[in-house]
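K.L.:
Sequence first, then the predicted structure:
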Amino acid sequence: MVAQYLGLWKDLFGHPGPPPSASAPSAPARSTAVCGHADGDVVLEPVGKPSRSAAHVVATVSCVLAPGDHLSWVVRKVTGTAADPHVHWTLRWDLDEGPGRYTYDAVLRTTDPGSKREVSVVLMDGGTYRNVKQTRDPQTNYVAMPSPAPVVSNSVLITTPR
């Protein structure tokens with residue numbers, strides 16, 4: 001029976017036996033590396049030039065979060081003088097959908113021309129994340145970040161155009 005099948009197959013398709021199995025091209029492999037263990041887990045790039053009203057930054061995340069961890073956008077702003085600088089952190093939105101691209105839209109229309117801020121991404125475990133969120137000042141939205149800040153990306157400097 002098998003010989004008949006192979007013979008029939010050869011007659012129909014010109015080669016013995018069933019064709020080797022073919023697999024469809026696979027989508028690019030999604031990362032299984034846990035965030036915070038390699039340089040380049042999160043890479044930021046500015047999108048175009050800032051306008052008087054907004055600036056945009058894209059984060060490319062190439063890692064997965066460990067259970068309970070949080071990746072979040074943060075904005076760092078320094079006020080005061082060179083002799084007496086004051087660092088202010090604002091915790092923004094989470095990047096919690098796993099590997100992919102995320103956009104941060106900075107609203108600049110309420111900021112003074114020439115003002116500067118750095119946008120970064122931080123990685124915090126659940127306890128640190130809750131503690132930082134609890135320090136949020138309701139009037140300014142500033143938070144107290146751990147020192148050193150758990151930044152896992154490069155920073156993008158945004159200057160409000162004149």
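P.N.:
Cool, got the structure. As the structure is a prediction and not an experimental result, all values here were calculated from the model.
K.L.:
and the gap between the nearest residue to residue 32 once chain neighbours are set aside and residue 127?
P.N.:
Nearest residue to residue 32 in three dimensions, chain neighbours excluded: residue 64, at 6.1 Å (CB to CB, 6 or more residues apart in numbering). Where you see a C-beta, it was placed from the backbone N, CA and C, and this is true even at glycine. Distance, residue 64 to residue 127, by CB to CB, to the nearest Å: 20 Å.
K.L.:
ok, the two, which is more surrounded?
P.N.:
residue 64 (15 against 9; other CB atoms under 10 Å).
K.L.:
hang on, isn't that one packed against residue 34?
P.N.:
Yes. Residue 64 lies in contact with residue 34 (CB atoms under 8 Å); the separation is 6.2 Å.
K.L.:
Now residue 128: phi and psi?
P.N.:
Backbone torsions for residue 128, taken as degrees, to the nearest 10, come to phi -60, psi -40.
K.L.:
who are the neighbours in contact with it?
P.N.:
Each residue near residue 128 by CB atoms under 8 Å, 6 or more residues apart in numbering is listed here: 146, 150.
K.L.:
Now residue 84: phi and psi?
P.N.:
Backbone geometry at residue 84, expressed as degrees, to the nearest 10, gives phi -140, psi 70.
K.L.:
so how many other residues sit close to it?
P.N.:
7.
K.L.:
ok, it to residue 78 distance?
P.N.:
Relative to residue 78, residue 84 is positioned 11 Å away (CB to CB).
K.L.:
can you check residue 129 too?
P.N.:
In this structure, residue 129 and residue 78 are 23 Å apart, going by CB to CB.
K.L.:
Of these two, which one has the most company?
P.N.:
Using other CB under 10 Å as the criterion, residue 129 and residue 78 rank with residue 129 on top: 20 against 13.
K.L.:
correct me, but the more buried one touches residue 72?
P.N.:
Yes. Counting by CB under 8 Å, residue 129 does reach residue 72; the two are 7.5 Å apart.
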